[in-house]
Each structure stands twice: as structure tokens, then as C-alpha cells.
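>>> pasting the sequence and the predicted model now:
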Amino acid sequence: MTRILFITATRIGDAILSSGLLDHVLRQYENPRVTIACGPLAAPLFRAVPGLDRVIVMAKKKGGGHWFELWLQTVPTRWDVVIDLRESATSWFLLAGKRHVKRNWPGQGAPVHRVEEAAAFLNVAPAPSPVLWLDDLARARARALMPDGPVLALAPAAAARFKEWAPEQFAALGRALTAPGGTLDGAHIALFGGPGDEATARTVMAGLDPETTHDFTGQLDLLETGACLAGAALFVGNDSGLMHMAAAAGTPTLGLFGPTDERVYGPWGRRTASVRAGDQVDERTRDKVKTSHTSLLSDLDLETVLAAADTLLKAEATP
């Protein structure tokens, strides 16, 4: 048995982007047993990981107290492998046969995608694609909820308002794709989001046919959401954890970008594409816009997104 401690991200998207590395590590050992430490938002992603012993939820505390609590929970164990993607000092005060503690990526040079950065940390090539581990409960929930036939999945909300395309634009996109003659002619539409995203979803719903639109916003846990996304014909959403989840599930995924850098956070995989508003940005300048309370995707027009969605779907249909 190989005991592995894997310390990963707080945000859902970052946790998903590191999942391919975790999957790779687990495949390197016979009978691995893994403990995963992560933030509360990301924790539900890992309940179906093969060989899981437990998930340690690190709720942020004043003065870095969450790191001390992690140390208290992990110091009694003699770990065979410690992998720390959070660059913490905690990992250096644990007994470990092998220890890998990520350092800050250099600030100069071309932007590097987070998947490639995680792979380079352990000298893994090619970079392993993100993985979404689903369980039978999540799959059963998806079978019960998702309508028969093709489904267009839309995620119109994001963690920050400045990363959101207008809800009215999402509704117009849904109408265009599913209208007679559209690339997803006659498809149902499903809306996804977390608690707090309901108002945005309602605005989108107001512009769609209620008979063929299903609003799952705030009603599903992460793995249930992932199982539903895995059954969709296409996902379109802002730069968000749900975008990365859809891509990890293997769903054709179109990500919408503007103030964030798709070269760093674009959806990863062969069945993915990105479109952006405005000129190219650099993720390292993000602090300049993160306090904005208005959308910075207003100049991303419907025709551009519709054309990118059509191209992605037609590529899927090509043998």
C-alpha cells in the first residue's frame, strides 16, 4: 500500500485542472491510498476518487490556522508521497518518503496553462488531461433529470461579475442554436450554476421556451452537475469551474473569455474551444480588473459565439 497526500486548490476550476496529475500519480503505484486536502468548494469533486481514504476540508482561518489544522491531521501518518500544489510550508514538516512542493511559476515568459504547469511540476509529459470521477449516485441523478435527446448546457454565471457574458446573450444563443435549422435543431436547453446564481439563470430563462428549458441552478451537487454535463451535446459558459468540469467530462466545451487569459485557464482537451472579448490579456495583469462589478465581455457579440459553437459541433460530426 502506498500512502499519498495530495494538497490541491480551493477553487473548483483549479482543482479540476490538477485532477489529471492526481490521476497520473495514482496510476503509478500499486494499491494507492490517497488523502486529499482542498478548500470547501472543491471538496465534493473528490468523493469518487479511486483509493480515497478521506478528504480533508481546509476552511480558511485567520493567521493561516487552516494550515496548522492540516498539519495536526496529517503529522501522525508516515506518507510515502506528499504532493503539495499550494506551495505551503506545512508539507516540509511531515514525514514523507517522497516530497514534491510546488514553487511559484516564473513571472516572465509566455503564459503557461495550469494543466501544463501542474504536469511540469512533476516532469510529466505529455500533460495529463483533467479527470472527473463520477459515482453511481451522480449518474442516477443525471439519468432522472436530463431530458431525452440532445441537450445544450449553458452556464451563464461565474465567480465574478466581470467574467460574465450578458444573460440576454446566453438566451439569444440558446434560441439560435436550437431553432429550426440550427446546429442543435430541436434540442432541449439546461441551465447550470451554483447557489447564488439563480437570479442570472432566471434572466436567461425569461428569454427561452419554458417547455424545453430546464433550470438546474443551485439544485445539484458538483458530481450530479458533472454527470449531467457529461450527457450534454454542447456546453457554453463563462470562464468558471463548470466550464472546466464540462471539458473534463468530455463534453464539447466552448469557453467565453475577456478579462481572463484563455492561454492559462482555457478549457483543456481535444473537444474544446475558446472565444474572447477584446484584445489578448495576460493573466498576470488580472489584479487590475478583479474589482470590477460590471461585465467586461460586453463587446463579445452573439455572431462570434454562435460561429464558434457551430464550428465546434461540426468538428464533432466530422469522422
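Structure's in. What do you need? Keep in mind the model is a prediction, meaning the values are calculated, not measured.
>>> state the distance from the residue in the chain sticking out farthest from the centre to Thr35.
Relative to the centre of the chain, the most outlying C-alpha is that of Pro76, 32.5 Å out, by Cα atoms, centre = their mean. Per Cβ to Cβ, to the nearest Å, Pro76 is found 12 Å from Thr35. Any C-beta I mention is one placed from the backbone N, CA and C, and that applies to glycine too.
>>> doesn't the residue farthest from the centre of the chain belong to a strand?
No - when DSSP: H, G, I helix; E, B strand; the rest coil is applied, Pro76 is found to be coil, with no strand at that position.
>>> pLDDT score assigned to it?
pLDDT for Pro76: 97.
>>> do the same with Phe121
Looking at Phe121, the pLDDT reads 89.
>>> count of neighbours near the residue nearest to it when sequence neighbours are not counted?
Ranked by Cβ to Cβ, 6 or more residues apart in numbering and with sequence neighbours excluded, the top spatial neighbour of Phe121 is Lys102, at 5.1 Å. Lys102: 19 surrounding residues under other Cβ atoms under 10 Å.
>>> wait, Lys102 sits on Ser91?
No - with contact defined as Cβ atoms under 8 Å, Lys102 does not reach Ser91; the gap is 9.5 Å.
>>> tell me, what's touching those two both at once?
Here Lys102 and Ser91 have Asp84 as joint contacts, going by Cβ atoms under 8 Å, 6 or more residues apart in numbering.
>>> can you pull the pLDDT of Arg103?
76.
>>> how close does the nearest residue to it once chain neighbours are set aside get to Ile7?
Leaving aside its chain neighbours, Arg103 sits nearest to Glu87 (6.4 Å; criterion: Cβ to Cβ, 6+ apart). Glu87 is 9 Å from Ile7, where distance means Cβ to Cβ.
>>> and if you look at Ile16?
In terms of Cβ to Cβ, Ile16 sits 16 Å off from Ile7.
>>> so between the two, which is more surrounded?
Each of Ile16 and Ile7 has its neighbours counted (other Cβ under 10 Å); Ile16 has more, 30 against 25.
>>> for that one, which non-adjacent residue is closest in space?
Ile16's closest residue in space is His244 (Cβ to Cβ, 6+ apart), at 4.3 Å.
>>> give me the element the one you found is part of.
helix 241-248 (DSSP states H and E).
>>> ok, then the element right after that helix?
With secondary structure assigned by DSSP H and E, helix 241-248 is succeeded by strand 253-257.
>>> that following strand packs against which elements?
Helices and strands touching strand 253-257, as assessed by 3 or more Cβ pairs under 8 Å, 6 or more residues apart in numbering; DSSP states H and E, comprise strand 234-238, helix 241-248, strand 272-276, helix 302-317.
>>> okay, those in a markdown table with mean neighbour count next?
Shown next, in a markdown table, are the helices and strands packed on strand 253-257 (neighbours: other Cβ atoms under 10 Å):
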| stretch | mean neighbour count |
| --- | --- |
| strand 234-238 | 27 |
| helix 241-248 | 28 |
| strand 272-276 | 19 |
| helix 302-317 | 15 |
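>>> include mean pLDDT when you put the ones you listed into JSON lines, please.
Shown next, in JSON lines, are the helices and strands packed on strand 253-257 (pLDDT from 0 to 100):
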{"stretch": "strand 234-238", "mean pLDDT": "98"}
{"stretch": "helix 241-248", "mean pLDDT": "98"}
{"stretch": "strand 272-276", "mean pLDDT": "96"}
{"stretch": "helix 302-317", "mean pLDDT": "92"}
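>>> so which of the ones you listed is nearest Arg114?
helix 241-248 (9.3 Å; Cβ to Cβ).
>>> now do the helices in the stretch 51-200 of the chain.
Under the criterion DSSP state H, counting those that start in this stretch, the stretch 51-200 of the chain contains helices at 65-74, 114-121, 136-145, 167-178, 198-205.
>>> give me the distance between Gly186 and Ala233.
On the measure of Cβ to Cβ, Gly186 and Ala233 end up 11 Å apart.
>>> those two: who's more crowded?
Ala233 (18 against 11).
>>> gap between the residue lying closest to Ala249 once chain neighbours are set aside and Leu26?
Among residues not flanking Ala249 along the chain, Ala230 sits closest, at 3.9 Å (Cβ to Cβ, 6+ apart). According to Cβ to Cβ, Ala230 and Leu26 sit 21 Å apart.
>>> Ala206 too?
Distance of Ala206 to Leu26, computed by Cβ to Cβ: 45 Å.
>>> the two - which one has more neighbours?
Leu26 (19 against 11).
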